[in-house]
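**Q** Provided below for reference: sequence and predicted model.
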Amino acid sequence: MDNYVLLALLATLGTWFVTAMGAATVVFFKSPNLKLLNLTLGFASGVMIAASFWSLLQPAIERAEAMDGLPAYLVATTGFLLGAGFMWASDKIVTRATTRANNTVGKQNEKLNRIIMLVLSITLHNIPEGLAVGVAFGALTGEGYSTEALLGAVSVAIGIGLQNFPEGAAVSLPLRREGYSRKKSFFLGQSSGMVEPISGVLGALLVVYVEPILPYALAFAAGAMILVAVHELIPECQRNKEAQPYLATTGIVLGFAVMMLLDVMLG
């Protein structure tokens, strides 16, 4: 294995580990507290909305502008709509499958649908992030391993890794709210980041071929995340807003602010 592929693997294993650390925050909840979990579900929504722009759409537009081909606005819009359409179709398929598997149509099916959509959306989001890290390290072959290029690739990995902490929590905490055990919530939360080492190695190996596709992949993941956040998570965290009108909304604002801070600060 070439050195740059090994570096990409190590870097994306690190980003996966940070995802697991974020998912591990669920261990602090000994029993579900509906008010606190509504707040964290709102936080997860804010994280996903902010990440969809600063972590995904903005880099997609910048990469598309740097390439020859379709205008950047068409690339971003096409990928975004494809991602939203994919999640919509997935929701329909999941709904039909769970209805057939379980004759009791009701809250149990709705809960399972939300869980599948949540884990799937964050997992899809992590694929282009892993590709981005892999591409950054794969590009070192053309840079002759200069110190500046290596530091640039490391900074990409660090930035994505720090962003992964709230994203790990964005999966595990809502799962805890749905009644899953802390152990299962943590396992599913950290598993959403397992695709990053795989996609990172692929990105490093196929850097020449992946680079033109990456803007579409980034925008695709953004569309998927927006659909899930707006259609599934925000309505769910607002169910008891009569008792606490601004609780979930505060979580959304805080989640958005934290993710925006990390993305803008780390550039």
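**A** Looks like it arrived, so ask away.
**Q** host element of the closest residue to Phe137 other than its chain neighbours?
**A** The shortest distance from Phe137 to any non-neighbouring residue, by C-beta to C-beta, 6 or more residues apart in numbering, is to Ala8 (3.9 Å). Any C-beta I mention is one placed from the backbone N, CA and C, and that applies to glycine too. Element membership of Ala8, judged by DSSP states H and E, is helix 3-23.
**Q** can you name every helix or strand that that helix contacts?
**A** Applying 3 or more C-beta pairs under 8 Å, 6 or more residues apart in numbering; DSSP states H and E, we find helix 3-23 packed against helix 107-138, helix 140-143, helix 147-177, helix 182-191, helix 195-205.
**Q** ok, now how distant is Pro215 from Glu65?
**A** Going from Pro215 to Glu65 by C-beta to C-beta, to the nearest Å gives 9 Å.
**Q** who has more neighbours, those two?
**A** The neighbour count for Pro215 versus Glu65, taken as other C-beta atoms under 10 Å, is higher for Pro215 (28 against 13).
**Q** residues near Pro235, how many?
**A** For Pro235, the neighbour count with other C-beta under 10 Å is 12.
**Q** no no, Gly79
**A** Counted with other C-beta under 10 Å, residues neighbouring Gly79 total 26.
**Q** leaving out sequence neighbours, find the closest residue to it.
**A** Distances taken as C-beta to C-beta, 6+ apart place Ala219 nearest to Gly79, at 2.8 Å, with adjacent residues excluded.
**Q** quick one: contacts for the one you found?
**A** Applying C-beta atoms under 8 Å, 6 or more residues apart in numbering to Ala219 gives the contacts 56-57, 60, 75-80, 82-83.
**Q** of the residues you listed, buried ones?
**A** For those, a neighbour count by 16 or more other C-beta atoms under 10 Å gives the buried set as 56-57, 60, 75-76, 78-80, 82-83.
**Q** of these, closest to Glu129?
**A** Leu56 (8.4 Å; C-beta to C-beta).
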